[in-house]
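Undergrad: have a look; sequence and predicted model below, questions after that.
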Amino acid sequence: MSSPYYETWTDFASCRSIGGDLWFPEVGEPTWVAARRICESCPVMWQCRDWVMRTELGFDRSRRFGITGGLTPSQRAAYEPAWIAEQQEGAA
């Protein structure tokens with residue numbers, strides 16, 4: 001039985017077999033560079049980015065964690081207005 005939170009695209013994610021610590025670096029820790037490199041070559045990066053943007057919609061920076069969809073929490077917060085505009089354009 002699958003979880004109600006399961007997304008089929010996650011089966012193809014490059015991060016699927018990599019430990020969680022890489023995706024949640026401490027402030028000033030350089031591992032975010034390695035995590036973003038993995039994301040950049042991931043075949044489902046855009047699905048992941050869309051998922052995290054939907055999941056975090058309206059969150060301020062303090063409620064966003066880790067590297068997801070190739071973006072840091074601050075980058076996702078800054079990208080949110082453009083992402084919303086893209087969604088509205090796609091719905092029109």
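TA: Nice, thanks for sending it over. Not measured: the values here are computed from a predicted model.

Undergrad: need the contact list for Cys39.
TA: 14-15, 45, 48, 67-70 (Cβ atoms under 8 Å, 6 or more residues apart in numbering). Heads up, the C-betas are built off the backbone N, CA and C, glycines and all.

Undergrad: switch to 6 Å and redo it
TA: 45, 70 (Cβ atoms under 6 Å, 6 or more residues apart in numbering).

Undergrad: give me the phi and psi for it.
TA: phi -60, psi -40 (degrees, to the nearest 10).

Undergrad: for it, give its distance to Glu29.
TA: 16 Å (Cβ to Cβ, to the nearest Å).

Undergrad: beta partners for the most centrally placed residue in the chain?
TA: Centroid-nearest residue in the chain, with Cα atoms, centre = their mean: Thr68, separated by 2.4 Å. When bridges are taken as DSSP bridges, the partners of Thr68 come out as Leu71.

Undergrad: please tell me I have it right and it contacts Met53.
TA: No: using Cβ atoms under 6 Å, Thr68 is not in contact with Met53, being 9.2 Å away.

Undergrad: export stretch 42-58 as CSV, just CAs?
TA: Provided in CSV are the C-alpha atoms of stretch 42-58 (Å, rounded to 0.1, in the frame of the first residue of the first chain):
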residue,chain,number,x,y,z
CYS,A,42,18.3,14.6,-11.8
PRO,A,43,15.8,13.5,-14.4
VAL,A,44,12.9,14.7,-12.2
MET,A,45,14.3,17.9,-10.8
TRP,A,46,11.4,20.0,-12.2
GLN,A,47,8.8,17.7,-10.7
CYS,A,48,10.6,17.9,-7.4
ARG,A,49,10.8,21.7,-7.6
ASP,A,50,7.1,22.0,-8.4
TRP,A,51,6.3,19.7,-5.5
VAL,A,52,8.3,21.6,-3.0
MET,A,53,6.9,24.9,-4.2
ARG,A,54,3.3,23.6,-3.8
THR,A,55,4.2,22.1,-0.4
GLU,A,56,5.8,25.3,1.0
LEU,A,57,3.5,27.8,-0.7
GLY,A,58,3.1,30.8,1.7
